[in-house]
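J.: Give the three-dimensional model of this entry:
(one chain, ligands or ions: 1)
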Amino acid sequence: SFFFFFCEVIEGNMRILQLYMQSEFELCLCLLLQIVMHVLTVLILFLFSVLNRTPVHLIHEIILVDDFSEDPNDCRLLTKLPKVKCLRNKRREGLIRSRVRGAEAAGAGILTFLDSHCEVNKDWLPPLLQRVKEDPTCVASPVIDIINMDTFAYVAASSDLQGGFDWSLHFKWEQLSAEKRAMRADPTEPIKTPIIAGGLFVIDRSWFNRLGKYDTAMDIWGGENFEISFRVWMCGGSLEIIPCSRVGHVFRKKHPYIFPEGNANTYIKNTRRTAEVWMDEFKLFYYSARPAARGKSYGDIHGRQELRKSLKCKSFKWYLDNVYPELKVPDDSDAKSGVIRQRQNCLESRIVEGQDLPVLTLAPCSITKDVPAANQVQNYLA
Ligand SMILES: [Mn+2]
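T.: Numbers count the residues shown, from 1 in each chain. Modelled structure (predicted):
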């Protein structure tokens, strides 16, 4: 069965074996086998890479939060590895509350948050720690490389990208603007990023606590990176990508979490909380881009609004002007009127009996003397 395991995901397993051979853990191969049989390959790869590629004196402890997984023994078994501790939730809490629980249990002055499906690369930690030591309000994240979920192949990502988003609060990587590129004298310089991709970052513990940790009323997963990014920038900190630090992340096709409310509803609840607390009048653009969010309940945000007030955070307008000028604020000049054509067909709206709203279809374009038919003229945002 060990052989079978090695056949299954060869590249990842070879890396685990190499990391094991290089390590000085007093862990017999039988225990390794036992661990391997019980838990996911990615979790083993994660722990071995952290233990082998991090100067040992820089790790106070590695806290795993088991979010009510099927077998409590999986996590318990991993505590046989040096520095590893395990906390198990009594019920499924999701990423956000699990992270807060881990952070509250942590004993060190600087916290490093990582997903469990990561493989840290050589010398990943010191550049992140150094940046946070220099400036404790800076939240430092690595360049996130890509690990293929089927083959475990490790693919380097570009190191001159920043995190960005659109008004529907959909995250995307984007090229640095020409101005930002011109200001960079050296490719190892930190990149100020408007938003972090997800959960890989180093933060000073008292700064994390003072800033209000995470919004623990958010469910399961999604949207929390917007909330923490807006909060860090608007409340006096900064977010940086440190090009000298690289961590591989396994990108899965399917989400490992079950969303009791459905994936889209959870994302809307979490992003709606973010928009309501942090985006001021600009939240209207969020609602225009995500009309489905309007009717969805998002719980009580009073506590988070109080937090924003007590930290005397800046406005979302300040954030847009100073941190993310690349995000275009829609205005009237973006509204266009005209025909939307696909080959010889045009988008046409029709009133259908028994339906409140017009129905869109494609129909042959109907243009007489350069004037399009009224039902083929659409208003849209370019
Ligand atoms: Mn992840």
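
J.: Now do the helices in the stretch 1-150 of the chain.
T.: Per DSSP state H, counting those that start in this stretch, the stretch 1-150 of the chain has helices spanning 2-8, 10-22, 29-38, 41-53, 72-78, 95-105, 125-134. These are given in chain order.

J.: With adjacent residues omitted, what lies nearest to residue 108?
T.: residue 60 (3.8 Å; Cβ to Cβ, 6 or more residues apart in numbering). All C-beta spots, glycine's among them, are computed from the backbone N, C-alpha and C.

J.: Please tell me I have it right and that neighbour contacts residue 112.
T.: No - here residue 60 does not reach residue 112: they are 9.9 Å apart, not a contact under Cβ atoms under 8 Å.

J.: who has more neighbours, the two?
T.: When residue 60 is set against residue 112 and neighbours are counted by other Cβ atoms under 10 Å, the residue ahead is residue 112, at 24 against 14.

J.: And residue 77, how close does it get to residue 23?
T.: Separation of residue 77 from residue 23 (Cβ to Cβ, to the nearest Å): 17 Å.

J.: higher neighbour count, these two?
T.: More crowded of residue 77 and residue 23, by other Cβ under 10 Å: residue 77, with 19 against 14.

J.: Quick one: neighbours of residue 113, just the number.
T.: Tallying neighbours of residue 113 according to other Cβ under 10 Å, which is how burial is gauged here, yields 20.

J.: Run through the residues that contact it.
T.: The neighbours of residue 113, taking Cβ atoms under 8 Å, 6 or more residues apart in numbering as the test, are 99, 103, 199, 200, 201, 202, 203.

J.: of all those residues, which two lie farthest apart?
T.: Using Cβ to Cβ, the pair of the contacts of residue 113 lying farthest apart is 103 and 200, separated by 14.5 Å.

J.: out of the two, which sits in the busier spot?
T.: Shown here are residue 103 and residue 200; by other Cβ under 10 Å, residue 200 has more neighbours (22 against 18).

J.: can I assume the more buried one is in contact with residue 140?
T.: No - with contact defined as Cβ under 8 Å, residue 200 and residue 140 do not form a contacting pair (9.9 Å).

J.: confidence score at residue 223?
T.: Looking at residue 223, its pLDDT is 92.

J.: cool, and residue 83?
T.: 95.

J.: how many neighbours does the nearest residue to it once chain neighbours are set aside have?
T.: In space, and not counting its chain neighbours, residue 83 is closest to residue 62: 4.9 Å by Cβ to Cβ, 6+ apart. Close neighbours of residue 62, defined as other Cβ under 10 Å, add up to 20.
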